[in-house]
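Novice: Below: sequence and its predicted model.
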Amino acid sequence: MIRRLVEAHYFQYLGKPNRAQIKFWLRELRTPTLLIESAKNHVAIAKKLVANRPLLKYAISGKQAALKPKNVSKTEFIGCLCAKNSRN
């Protein structure tokens with residue numbers, strides 16, 4: 001359910017996103033292809049968020065297989081909305 005809500009938000013604001021929306025997508029997108037697309041389109045922001053969501057390094061490099069749930073811990077794959085991430 002959350003995955004679909006984040007995807008809907010992504011497609012709704014994809015045309016002209018603001019920085020907060022981009023950061024939200026990079027923290028919360030769960031669909032590998034969309035996460036890769038977002039990371040590649042916003043590399044500088046994605047690199048700043050790698051410390052909080054390490055799998056972004058795979059998204060930036062386009063390694064979709066590394067983003068599959070069997071290769072990533074559940075916590076890392078899902079991401080989280082927390083005060084620490086919202087300050088970045």
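Specialist: Structure received. Numbering: from 1, shown residues only.

Novice: contacting residues around the closest residue in space to Ile36 that isn't next to it in sequence?
Specialist: Computed as C-beta to C-beta, 6 or more residues apart in numbering, the closest residue to Ile36 that is not its neighbour in sequence is Ala59, at 4.8 Å. C-beta here means a position set from N, CA and C on the backbone, and glycine is covered the same way. Ala59 sits next to Pro32, Leu35, Ile36, Ser38, Ala39, Lys40, Ala46, Leu67 when contact means C-beta atoms under 8 Å, 6 or more residues apart in numbering.

Novice: elements contacting the helix or strand that contains Glu37?
Specialist: Under the criterion of DSSP states H and E, Glu37 resides in helix 32-41. In terms of contacts (3 or more C-beta pairs under 8 Å, 6 or more residues apart in numbering; DSSP states H and E), helix 32-41 is packed against helix 2-13, helix 19-28, helix 56-61.

Novice: From the contact counts, what lies against the following helix or strand past it?
Specialist: The C-terminal neighbour of helix 32-41 among helices and strands, as given by DSSP H and E, is helix 43-49. For helix 43-49, the helices and strands in contact under the criterion 3+ C-beta pairs under 8 Å, 6+ apart are helix 19-28, helix 56-61.

Novice: Could you export the ones you listed to a markdown table, including columns for mean pLDDT?
Specialist: Converted to a markdown table, these look like this (pLDDT from 0 to 100):
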| stretch | mean pLDDT |
| --- | --- |
| helix 19-28 | 96 |
| helix 56-61 | 93 |
